[in-house]
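Peer 1: Sequence and predicted structure, then a few things I'm wondering about:
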Amino acid sequence: MTGKTEKIPGGVTAAKGFMAAGVAAGVKYQNRKDMAMVYSQAPCTAAGVFTSNVVKAAPVIWDKEIISGEQTVHAVVVNSGIANACTGELGYGYCRETADAAAASLHVPVDSVLVASTGVIGMQLPMDKIRAGVCMLAEAKSDTQQAGDDAACAIMTTDTISKQTAVTVQIGGKTVTIGGMCKGSGMIHPNMCTMLGFLTTDVCMTKELLQDALRRTVQDTFNMVSVDGDTSTNDTLLLLANGQAGNPVISEPGEDYEHFCQALHEINETLAKMMAGDGEGATALFEAKVVHAASKEDARMLAKSVICSSLTKAAIFGHDANWGRILCALGYSGALFDPERMELYFESRAGKMLIYRDGQAVDYSEEEATKLLSEPEVTVIADMKMGEEAASAWGCDLSYEYVKINADYRS
């Protein structure tokens with residue numbers, strides 16, 4: 001049926017006409033892949049959303065200039081290990097040098113190459129290794145699933161797993177594919193997206209609607225994730241569309257546009273939850289689901305406040321049903337509600353449990369609650385009993401390992 005999505009294997013190479021590669025260039029890490037490329041031989045319409053941090057890394061500035069223009073895009077080059085942030089004019093020049101190297105290797109215009117970096121702030125890129133890495137990427141690029149896997153692994157920093165997914169959807173009688181990969185497990189707290197993410201699709205759509213679709217779907221997916229409350233200097237989410245599916249061009253809102261947005265939302269939510277569950281030192285994916293809120297804005301604020309609470313995250317790590325911390329986080333969210341009317345529940349694969357109702361705790365078993373909270377995915381449900389709006393946010397528990405990782409990150 002038109003509009004119904006189907007999950008398929010793969011990531012950024014799943015859509016028609018896209019290739020990828022991941023190689024070990026020795027940028028900062030040894031004996032691991034640390035540079036990636038996504039490439040389309042056909043020119044792509046491109047959309048992007050970027051960090052809200054006033055301190056923006058050089059690649060963010062470079063990409064925003066290209067995305068805001070009318071030119072098409074052929075490739076993205078990514079390095080991990082060094083963020084190229086707070087590096088001045090030299091760092092911005094390195095973005096151009098990277099794009100120059102890719103343009104020469106791929107025989108495409110310089111301004112059709114986007115760049116991205118992730119890693120330690122303040123270090124300059126070793127451009128001899130970057131240029132050599134670009135050449136290796138151009139040579140290694142392929143449309144295979146393995147090539148997509150290599151690229152997804154190459155963009156990782158403290159991530160413990162690579163993150164990628166793909167779906168198909170029927171639009172205008174054609175099969176449209178969307179694939180994606182992302183990285184991020186620390187410094188994750190968006191007012192945009194939260195990490196590095198790269199999405200590819202063979203849909204045929206105008207630039208204006210592609211940008212609108214990306215902004216729209218980010219609001220209830222990547223913007224509802226937090227690992228540690230820090231918004232990175234490098235947060236970038238790029239969406240490339242090469243039109244190879246052959247569907248009638250989507251040039252105005254309507255059924256085809258809605259079906260694409262639904263599929264894009266599924267991709268972004270899947271990647272967002274993978275990122276939250278792989279938070280630095282995390283032992284559990286922590287979801288806050290707010291229902292029956294007075295407004296959508298209130299629902300988002302309430303859900304985000306719970307998963308951002310360090311005390312609540314620590315309680316989840318300790319499998320402690322400390323509902324007072326949840327109520328406190330709801331209370332300082334900025335949304336107005338009546339704590340004497342609402343309900344709180346815990347839910348996981350082990351079951352669902354009411355813990356708070358009408359201003360006080362209910363009679364529940366601490367032993368049962370601990371068992372429920374010991375699962376790898378835990379949900380807090382807050383029923384505000386004020387309206388019909390809902391929202392979900394995703395984070396992770398706060399463990400001893402998080403402190404250790406971030407205390408040692410530069411060494």
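Peer 2: That came in fine, so what should we check first?

Peer 1: lowest-pLDDT helix or strand in this structure?
Peer 2: Ranked by mean pLDDT, DSSP states H and E, the weakest helix or strand in the chain is helix 400-407, scoring a mean of 66.

Peer 1: Now the closest residue to A284 other than its chain neighbours. Its backbone dihedrals?
Peer 2: Nearest-residue entry for A284: D397, 4.8 Å, with adjacent residues in sequence omitted and distances by CB to CB, 6 or more residues apart in numbering. Every residue, glycine included, has its C-beta placed from N, CA and C. Main-chain dihedrals, D397, degrees, to the nearest 10: phi -70, psi 170.

Peer 1: Need the per-residue pLDDT for D397.
Peer 2: As predicted, D397 sits at a pLDDT of 79.

Peer 1: what number of residues lie near it?
Peer 2: Other residues lying near D397 total 22 when counted by other CB atoms under 10 Å.

Peer 1: V290 versus that one, what's the distance?
Peer 2: The gap separating D397 from V290 is 19 Å, by CB to CB, to the nearest Å.

Peer 1: Ok, A99 next?
Peer 2: Remark: distance between A99 and V290 (CB to CB) = 43 Å.

Peer 1: hmm, back to that, the residue nearest to A284 contacts I316, doesn't it?
Peer 2: Yes. With contact defined as CB atoms under 8 Å, D397 counts as touching I316 (4.2 Å).

Peer 1: and for these two, which residues touch both?
Peer 2: Common contacts of D397 and I316, defined by CB atoms under 8 Å, 6 or more residues apart in numbering, comprise 284, 286.

Peer 1: quick one, what contacts L264?
Peer 2: Counting by CB under 8 Å, 6+ apart, L264 touches 178, 199, 201, 213-214, 217, 239.

Peer 1: right, and the secondary structure at it would be what?
Peer 2: At L264 the chain is in helix, as set by DSSP: H, G, I helix; E, B strand; the rest coil.

Peer 1: A393 now?
Peer 2: Classification of A393 by three-state DSSP places it in strand.

Peer 1: residue contacts, it?
Peer 2: 224-226, 287-288, 300, 303-304, 306-307.

Peer 1: same question, F317
Peer 2: F317 is in contact with 283-284, 397-399, counting by CB under 8 Å, 6+ apart.

Peer 1: Then L311?
Peer 2: L311 makes contact with 322, 325, 328-329, according to CB under 8 Å, 6+ apart.

Peer 1: partners of the host helix or strand of L344 in the sheet?
Peer 2: Taking DSSP states H and E as the criterion, L344 maps to strand 343-348. Strand 343-348 has its sheet partners listed here by DSSP bridges as strand 351-357 (antiparallel), strand 377-383 (antiparallel).

Peer 1: can you list contacts of it?
Peer 2: 321, 323, 326-327, 352-358, 369, 372-373, 375, 377-383, 385.

Peer 1: Out of those, which end up buried?
Peer 2: 321, 323, 326-327, 353, 355-356, 369, 372-373, 375, 378-383 (16 or more other CB atoms under 10 Å).

Peer 1: shaky segments in the stretch 101-250 of the chain?
Peer 2: 185-194, 227-231 (pLDDT under 70).

Peer 1: Go again with 90.
Peer 2: Scanning the stretch 101-250 of the chain for pLDDT under 90 picks out 119-121, 157-161, 184-195, 219, 222-235.
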